[in-house]
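Peer 1: Make a model of this:
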Amino acid sequence: MTRITLTKFTALTVILLIGIGAISAQAEWKDMFDGKSLKGWEKKNGWAEYRVEDGAIVGKSVPKSPNTFLTTGVDYGDFILELEVKVDKGLNSGIQFRSLSFPEFREGRVHGYQYELDTAERAWTAGIYDEARRGWLYPVDLNPKAKKLFKQNAWNKVRIECIGSSIRTWLNDEPVSHLMDDFTSKGFIALQVHSVRSPEDEGKEVAWRNIRINTDVKKPTKNRKTYIRNMLPNNISADEKAKGWKLLWNGKNLDGWRNVGAKTAPKAGWEIEDGVLTIQSTPHGEERKGGDIVTIKKYSAFELDFEFKLTPGANSGLKYFVTEPGASALGLEYQVLDDKKHPDAKMGAAGNRTAASLYDLIPSERDVSTRTVPLSIGNWNHGRVIVRPNGKVEHWLNDFKVVSYDRANNIFRALVARSKFADKEGFGLGESGGIALQDHNDEVSYRSIKIREM
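Peer 2: Reported below is the predicted structural model:
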């Protein structure tokens with residue numbers, strides 16, 4: 001009898017606890033839109049039209065209006081935001097988050113992170129854009145498989161997760177973007193109707209519904225799949241560590257590096273300060289103090305990320321599959337160069353000595369996905385080199401792929417035969433080699449040099 005009573009009590013306790021847990025989980029989510037009115041929302045910057053129709057907020061583009069934003073009156077830091085959205089084809093839109101508006105910043109211009117809503121052929125929906133500030137932070141070219149997820153003229157499910165410096169997006173339940181960035185930690189959420197340029201786009205609409213937010217979040221969702229654009233200097237996130245990423249330069253000293261043709265690292269010519277590695281410029285006619293530096297370890301198939309900052313007119317390079325016939329590193333080179341002011345950019349053939357090119361072999365393609373890939377002198381730029389086990393290689397500049405080649409095919413050999421490396425037997429064909437940074441007598445800085453071996 002006692003046993004039966006205890007069993008009943010236990011069952012009731014379990015049911016009660018489950019019920020409380022379900023209520024608690026449900027209470028974590030808060031509706032941001034009542035489905036009937038625009039209560040709690042405020043329009044900023046433009047005069048696009050917003051209305052409520054069939055349980056959705058509908059935004060309508062109008063002639064000559066700048067970007068218009070329907071904003072919340074509440075700032076959010078850490079949260080998960082979910083909603084559904086439908087956009088007329090031809091109209092660009094977005095969802096602002098951790099965004100700001102101050103009178104002193106461009107007379108109240110809304111600025112901050114944006115979840116892109118893109119109906120164009122480039123298909124960048126769920127990419128992360130920094131509205132009115134830094135521009136593209138995570139174009140969907142970084143995750144090309146995600147370009148197939150957006151459904152034209154239909155409802156799409158949106159998810160945005162912001163926890164600390166981890167910012168992630170999903171589209172129709174599939175992960176798209178993952179950004180590590182601490183530029184803005186808190187701000188409002190807003191629904192954007194983009195300005196329109198052509199008369200045929202006037203009157204096109206975007207609709208949002210089932211908008212809800214959860215601010216009771218503690219840890220980011222684990223990411224074992226999507227590429228992570230980490231903008232935190234010299235940082236490896238927990239997800240990156242789990243994928244095998246390591247710092248190639250530790251941000252403190254030259255441990256693991258040495259001068260080309262030597263066993264030790266240089267004692268002068270390379271300055272390390274505040275997590276930045278800088279080549280010191282050498283006055284004309286004087287001998288270089290630093291010289292090229294190369295990793296002690298050799299690498300074969302890998303993914304390499306780095307950031308570089310050029311002074312006006314400067315020249316340097318990141319080399320891989322490096323051999324050392326002398327005091328200079330010989331290897332395949334990701335060109336690091338001020339295209340506009342350094343004369344080497346106009347030498348070679350067809351622009352194959354411009355920034356991010358495979359030096360003297362293949363020019364970088366700077367017109368990608370309807371835009372010109374930017375190169376900022378005096379600011380940090382993001383470089384990427386991917387060397388796959390099958391011999392295929394990619395160069396990326398500021399999150400766009402600008403060079404793609406196969407070092408195992410005859411086209412590559414033909415390019416070498418017509419280059420300055422024609423007399424270097426087996427150039428670029430080694431199974432492994434060091435990774436080097438070039439001292440070209442100019443002041444150039446590097447940081448966030450990290451590698452993942454495949």
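
Peer 1: isn't residue 317 right up against residue 358?
Peer 2: No. Residue 317 is beyond contact range of residue 358, at 10.5 Å (criterion: Cβ atoms under 8 Å). For every residue, glycine as well, the C-beta is placed using N, CA and C.

Peer 1: got any residues that touch both of these two?
Peer 2: Counting by Cβ atoms under 8 Å, 6 or more residues apart in numbering, the residues touching both residue 317 and residue 358 are 333, 334, 335.

Peer 1: By mean pLDDT, which helix or strand of this structure comes out lowest?
Peer 2: Lowest on mean pLDDT, DSSP states H and E among the helices and strands of the chain sits helix 2-27, with a mean of 44.

Peer 1: about what we covered before: just the ones in strands from the shared contacts of residue 317 and residue 358, please.
Peer 2: Among those, the residues falling in strands (DSSP state E) are 333, 334, 335.

Peer 1: With pLDDT, distance to residue 256 and neighbour count as new columns, can these be given to me in a markdown table?
Peer 2: A markdown table is the format used below for those (pLDDT from 0 to 100; distance: Cβ to Cβ, whole Å; neighbours: other Cβ atoms under 10 Å):
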| residue | pLDDT | distance to residue 256 | neighbour count |
| --- | --- | --- | --- |
| 333 | 98 | 20 | 25 |
| 334 | 98 | 19 | 28 |
| 335 | 98 | 24 | 30 |
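
Peer 1: Sort out which one of those residues lies nearest residue 310 for me.
Peer 2: residue 335 (11.1 Å; Cβ to Cβ).

Peer 1: ok, now which ones touch that closest one?
Peer 2: So residue 335 contacts 317, 353, 354, 355, 356, 357, 358, 359, 364 (Cβ under 8 Å, 6+ apart).

Peer 1: just residue 380 next, same as before
Peer 2: So residue 380 contacts 307, 308, 309, 447 (Cβ under 8 Å, 6+ apart).

Peer 1: need those residues in CSV with pLDDT, can you?
Peer 2: Listed next are the contacts of residue 380 as CSV, based on pLDDT from 0 to 100:
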residue, pLDDT
307, 98
308, 98
309, 98
447, 98
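
Peer 1: Name the nearest residue to residue 448, ignoring sequence neighbours.
Peer 2: residue 307 (4.6 Å; Cβ to Cβ, 6 or more residues apart in numbering).

Peer 1: For that neighbour, pull up the helix or strand it's in.
Peer 2: Following DSSP states H and E, one finds residue 307 within strand 302-310.

Peer 1: Kindly report the same for residue 249.
Peer 2: Short version: residue 249 belongs to no helix or strand, going by DSSP H and E.

Peer 1: tell me, how many neighbours does the closest residue to it other than its chain neighbours end up with?
Peer 2: Using Cβ to Cβ, 6+ apart and skipping the chain neighbours, the partner closest in space to residue 249 is residue 449 (4.2 Å). For residue 449, the neighbour count with other Cβ atoms under 10 Å is 23.

Peer 1: rewinding a little: which of the contacts of residue 335 sits closest to residue 177?
Peer 2: Nearest to residue 177, judged by Cβ to Cβ, of the contacts of residue 335 is residue 356 at 22.0 Å.

Peer 1: right, and the residue nearest to residue 448 touches residue 381 too?
Peer 2: Yes. Using Cβ under 8 Å, residue 307 and residue 381 qualify as a contacting pair, with a distance of 6.6 Å.

Peer 1: For the residue nearest to residue 249, give its distance to residue 379.
Peer 2: Per Cβ to Cβ, to the nearest Å, residue 449 is found 17 Å from residue 379.

Peer 1: picking up where we left off before, could you redo the ones in strands among the shared contacts of residue 317 and residue 358 as a markdown table and give each row distance to residue 368?
Peer 2: Listed next are those as a markdown table, based on distance: Cβ to Cβ, whole Å:
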| residue | distance to residue 368 |
| --- | --- |
| 333 | 21 |
| 334 | 16 |
| 335 | 17 |
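
Peer 1: which stretch of helix or strand covers residue 94?
Peer 2: Under the criterion of DSSP H and E, residue 94 resides in strand 93-100.

Peer 1: Which positions in that strand come out as buried?
Peer 2: For strand 93-100, burial by neighbour count (16 or more other Cβ atoms under 10 Å) applies to 93, 94, 95, 96, 97, 98, 99, 100.

Peer 1: what about it, average pLDDT?
Peer 2: In this model, strand 93-100 has a mean pLDDT of 97.

Peer 1: picking up where we left off before, can you pick the most crowded of the contacts of residue 380?
Peer 2: Neighbour-wise, the contacts of residue 380 (other Cβ under 10 Å) top out at residue 308, 23 neighbours.
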